[in-house]
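>>> okay, structure incoming, though there's no sequence with it:
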């Protein structure tokens with residue numbers, strides 16, 4: 001597993017790389033389209049929240065641009081020894097939020 005310092009460095013590197021992916025008048029980071037980043041030595045995962053009204057082709061192009069930026073960052077981090085040589089990059093829609101836990105059962109009546 002990555003140390004806390006390596007995980008931080010990888011996430012900062014990914015965010016910096018993703019700032020180069022333009023969308024509208026900004027980038028995917030400043031526009032709030034990157035909803036999650038998960039990193040491990042063998043996988044970099046980026047969740048995107050595409051804006052409403054964005055067509056399927058535009059979403060595919062956005063994911064491809066983010067994947068290319070993340071892959072370039074990954075390649076640099078592999079050369080530095082922070083990631084495994086076979087580290088994969090996954091870019092796609094953000095995972096849906098986890099369902100809320102069920103309510104706790106009522107306390108038993110003490111009488």
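Thanks, I have it. None of these values were measured; they are calculated from a predicted model.

>>> now do stretch 98-111, average pLDDT.
The pLDDT scores in stretch 98-111 average 80.

>>> most centrally placed residue in this protein?
In the chain, the centroid-proximal residue (CA atoms, centre = their mean) is residue 46; its distance is 2.2 Å.

>>> residue 106 versus that one, what's the distance?
42 Å (CB to CB, to the nearest Å). (Glycine included, C-beta is placed from N, CA and C.)

>>> same check, this time on residue 33
43 Å.

>>> do residue 30 as well
47 Å.

>>> neighbour count winner among these two?
residue 30 (13 against 6; other CB atoms under 10 Å).

>>> helix or strand, whichever it is, which one in this structure has the lowest mean pLDDT?
The weakest-scoring helix or strand in the chain, judged by mean pLDDT, DSSP states H and E, is strand 22-23 (a mean of 89).

>>> direction included, what does it pair against?
Here strand 22-23 has these sheet partners by DSSP bridges: strand 26-27 (antiparallel).

>>> continuing past the strand it pairs with, what's the next helix or strand?
strand 34-40 (DSSP states H and E).

>>> what mean pLDDT does whatever helix or strand comes next after that next one get?
Remark: after strand 34-40, the chain's next helix or strand is strand 43-48, criterion DSSP H and E. For strand 43-48, the mean pLDDT works out to 94.

>>> could you tell me the angle between strand 43-48 and strand 34-40?
170 degrees (axes from the mean of the first three to the mean of the last three CA atoms, to 10 degrees).

>>> mind giving me the packing neighbours of strand 43-48?
helix 4-18, strand 34-40, helix 56-79, strand 88-93 (3 or more CB pairs under 8 Å, 6 or more residues apart in numbering; DSSP states H and E).

>>> JSON lines please, covering the ones you listed and showing mean pLDDT, mean neighbour count and distance to residue 24.
Converted to JSON lines, these look like this (pLDDT from 0 to 100; neighbours: other CB atoms under 10 Å; distance: least, CB to CB, whole Å):
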{"stretch": "helix 4-18", "mean pLDDT": "93", "mean neighbour count": "16", "distance to residue 24": "14"}
{"stretch": "strand 34-40", "mean pLDDT": "93", "mean neighbour count": "16", "distance to residue 24": "14"}
{"stretch": "helix 56-79", "mean pLDDT": "94", "mean neighbour count": "16", "distance to residue 24": "11"}
{"stretch": "strand 88-93", "mean pLDDT": "92", "mean neighbour count": "15", "distance to residue 24": "18"}
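
>>> that concludes my questions; thank you for your assistance.
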